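Asks: sequence first, predicted model second:
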Amino acid sequence: MELTILTLSFLVFLFLGVPVSFALGLSCVLTYLYEGLPAATAMQSMISGMNAFSFLAVPFFIFSGELMLHGGIADRILRFAQSTVGHFRGGLGMANVVACTLFGGVSGSPTADTSAMGGVVIPLMKREGYSAAYAVNVTTHSSLAGALMPTSTNMIIYAFAAQGISGTLNGVQMRGVSIGDLLFSGLLPVLWVMGLVLIAAYWQAVKFGYPRRPDGSTELPRFPGWMAVCRTFIGAVPGLMVIAIILVCVARGIATATEAAAIAVAYSLILTIIVYRSMTLKKLGFALAKAAKTTGVVLLLIGVSNMLRFQMAYLEIPDAIERMLDGATSLPWLMLLYINLIQIFLGTFVDMAAHILITTPLFLPMAMHNGVGPVQFGIMILLNCALGLVHPPIGSVQFIGCAIGNVSIGETTKVAWPYYLAIFSAINIVTYVPMFSTWLPSLINGHPVF
């Protein structure tokens with residue numbers, strides 16, 4: 001009965017339009033009360049879920065991304081990308097892919113990436129003769145890199161969701177996951193996705209003859225020369241250095257991931273205020289307000305998800321799901337396929353942070369039982385969630401891109417299949433080739449990472 005109350009109340013609140021974090025919290029409180037537990041227990045569970053030093057990285061990463069977003073970094077990265085690939089067929093689209101991937105490493109958020117780069121590039125691509133659907137697809141799918149880059153707050157959220165989950169893998173007892181290992185594990189998958197999205201963007205540009213201007217001309221811009229490439233690269237490097245700062249600090253043991261996030265904020269302030277001089281008091285106030293709002297939403301979601309974790313453990317929900325899937329198949333590769341398909345389906349309906357917090361306690365023990373370590377599973381779940389951000393019916397990132405491009409989501413979906421394949425191929429490679437995500441952190445640490 002408790003499980004019925006928990007599930008039905010959550011679905012009813014969502015149907016009524018209640019935000020996910022409040023719907024989750026209210027359904028947990030109702031279940032606590034039905035079980036006869038004091039309401040104070042629910043509040044204590046929520047507060048304890050947020051009371052962790054590592055969560056200081058969340059507001060720091062968010063604030064650093066907002067500073068970069070409003071500090072003119074996107075324009076410099078775009079100019080560099082245009083100088084390198086802008087002279088190819090579909091060059092502006094390919095430049096968009098490179099720029100969105102790089103800015104994703106700076107902002108750490110697919111939503112911020114799409115808003116910043118899309119607001120600049122999508123109208124520019126439409127003026128240059130590219131279709132709105134093409135411009136939106138290359139922007140939104142390459143922006144997903146932000147979920148896997150070292151500045152990603154979703155990695156911090158996954159590390160929290162995975163804490164306390166233990167299992168044995170290759171004879172090694174494991175518990176939780178290292179944030180430092182996660183920071184490096186997403187880099188190769190990001191490069192893979194960027195490469196495939198570049199191929200898809202080039203292929204569609206050739207197929208449809210982009211850029212196709214109103215006068216019928218398809219003339220391409222000339223290569224600006226290596227001096228221009230070097231000049232734009234020098235202009236973009238200071239902004240991109242935030243990624244290197246975080247990775248070096250963590251890899252060398254100079255700072256923890258949380259302290260590295262604070263260093264990234266200090267660096268972003270110096271860069272945008274003193275070096276570029278692009279940050280005004282108005283922009284700074286807006287960045288602070290947006291970072292505070294986003295942090296509040298994320299931390300509230302983390303708190304109520306801790307209440308849900310207690311309920312799932314109390315009702316033995318993970319064990320029940322594992323028994324159900326074990327009854328469906330005994331083949332590890334098929335079990336992992338089922339997990340991925342369920343994750344992709346849920347990702348189209350649930351916000352990324354909520355998805356990670358709810359499903360990690362359910363599926364990580366099963367994944368470890370089938371030979372997948374917590375680092376590898378972290379990249380799996382981030383990629384699955386990322387695909388949900390650009391896929392109907394929710395597809396929040398895709399909706400942002402469509403709003404900027406003034407095009408329907410149905411029209412963009414018709415020509416989005418090459419980009420879906422790029423993300424889906426990355427999911428499968430990470431799932432079935434563990435070294436694809438664990439090789440780099442293993443190399444950095446000098447011992448195998450799972």
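Replies: Cool, the structure landed.

Asks: now the strands for this structure?
Replies: With strands called from DSSP state E, the chain shows them at 166-169, 172-175.

Asks: quick check: mean pLDDT across the first one?
Replies: Translated: strand 166-169. Averaged across strand 166-169, the pLDDT comes to 68.

Asks: same deal with stretch 428-444?
Replies: Averaging pLDDT along stretch 428-444 gives 91.

Asks: stretch 382-401 now?
Replies: This predicted structure assigns stretch 382-401 an average pLDDT of 83.

Asks: buried stuff in that stretch?
Replies: Along stretch 382-401, these residues count as buried under the neighbour rule (16 or more other CB atoms under 10 Å): 382-391, 394-401. To be clear about C-beta, it is placed using only N, CA and C from the backbone, and glycine gets the same treatment.

Asks: how far does that stretch sit from its chain's centre?
Replies: From the chain centre to the centre of stretch 382-401 is a distance of 10 Å (CA atoms, centre = their mean, to the nearest Å).

Asks: now the residue nearest the centre of the chain, nearest residue through space, not along the chain?
Replies: Nearest residue to the geometric centre of the chain (CA atoms, centre = their mean): Ala147, 1.9 Å. Excluding the flanking residues, the one nearest Ala147 by CB to CB, 6 or more residues apart in numbering is Ala386, at 4.7 Å.

Asks: what residues are up against Val106?
Replies: With contact set as CB atoms under 8 Å, 6 or more residues apart in numbering, Val106 has these partners: Gly65, Met68, Ile73, Ile77, Thr151, Gly239, Leu240, Val242, Ile243.

Asks: would TSV of those residues with pLDDT, distance to Ala161 and neighbour count be doable?
Replies: Conversion of these to TSV gives the following (pLDDT from 0 to 100; distance: CB to CB, whole Å; neighbours: other CB atoms under 10 Å):
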residue	pLDDT	distance to Ala161	neighbour count
Gly65	80	21	33
Met68	79	26	29
Ile73	78	30	28
Ile77	83	31	28
Thr151	80	19	26
Gly239	83	30	27
Leu240	83	29	19
Val242	83	25	27
Ile243	81	24	20
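
Asks: Trp333 - how many residues pack around it?
Replies: Applying other CB atoms under 10 Å, we find 12 other residues in the vicinity of Trp333.

Asks: can you tell me how far it sits from Tyr432?
Replies: The span separating Trp333 from Tyr432 equals 7 Å under the rule CB to CB, to the nearest Å.

Asks: now Ala23
Replies: Using CB to CB, we find Ala23 at a distance of 35 Å from Tyr432.

Asks: between the two, which one's more packed in?
Replies: In terms of neighbours (other CB under 10 Å), Ala23 is the more surrounded of Ala23 and Tyr432; the figures are 21 against 13.

Asks: read off the pLDDT value for that one.
Replies: On the pLDDT scale, Ala23 is placed at 83.

Asks: please name the residues that touch it.
Replies: Phe10, Phe13, Leu14.

Asks: hmm, Leu24 and the first one touching each other?
Replies: Same thing as Phe10. Yes - using CB atoms under 8 Å, Phe10 makes contact with Leu24 at a distance of 6.4 Å.

Asks: coming back round to it: got the contact list for the residue nearest to the centre of the chain?
Replies: Counted by CB under 8 Å, 6+ apart, Ala147 has contacts Gly104, Ser109, Pro110, Asn154, Met352, Leu382, Leu383, Cys385, Ala386, Leu389.

Asks: now with 6 Å?
Replies: Contacts for Ala147 (CB atoms under 6 Å, 6 or more residues apart in numbering) come out as Pro110, Asn154, Leu382, Ala386.

Asks: export those residues to a markdown table and append columns for distance to Glu259.
Replies: Formatted as a markdown table, those follow (distance: CB to CB, whole Å):
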| residue | distance to Glu259 |
| --- | --- |
| Pro110 | 25 |
| Asn154 | 19 |
| Leu382 | 23 |
| Ala386 | 27 |
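
Asks: quick one: the closest residue in space to Phe450 that isn't next to it in sequence and Tyr210, what's the gap?
Replies: Nearest-residue entry for Phe450: Gly373, 2.7 Å, with adjacent residues in sequence omitted and distances by CB to CB, 6+ apart. Spatial separation of Gly373 from Tyr210 under the definition CB to CB is 42 Å.

Asks: now swap in Leu183 and tell me
Replies: Following CB to CB, the distance that separates Leu183 from Tyr210 is 36 Å.

Asks: what about the stretch 301-450 of the chain, any weak spots by pLDDT?
Replies: Low-confidence segments of the stretch 301-450 of the chain, defined by pLDDT under 70, are located at 393-394.

Asks: and the helices in it?
Replies: Taking DSSP state H, counting those that start in this stretch as the test, the helices found in the stretch 301-450 of the chain are 317-328, 332-347, 352-369, 374-389, 396-405, 409-414, 417-432, 435-445.

Asks: tell me how far the first one lies from the chain's centre.
Replies: Pointing back at helix 317-328 there. Helix 317-328 has its C-alpha centroid displaced from the chain centroid by 28 Å (CA atoms, centre = their mean).

Asks: for that helix, packing partners?
Replies: Helices and strands touching helix 317-328, by 3 or more CB pairs under 6 Å, 6 or more residues apart in numbering; DSSP states H and E, are helix 352-369.

Asks: flag every buried residue along the helix it packs on.
Replies: Buried residues in helix 352-369, defined by neighbour count with 16+ other CB under 10 Å: 352-368.

Asks: equivalent analysis for stretch 75-95, please.
Replies: 75-86, 88-95.

Asks: looking at it, Thr101 is touching Ala145, isn't it?
Replies: Yes - with contact defined as CB atoms under 6 Å, Thr101 and Ala145 form a contacting pair (4.4 Å).

Asks: straight-line length of stretch 14-21, end to end?
Replies: Between the start and the finish of stretch 14-21 there is a gap of 10 Å, counting by CA to CA, to the nearest Å.

Asks: so between Leu183 and Tyr210, which is more surrounded?
Replies: Leu183 (27 against 24).

Asks: surely the more buried one and Leu148 touch.
Replies: No - using CB under 6 Å, Leu183 makes no contact with Leu148, being 9.8 Å away.
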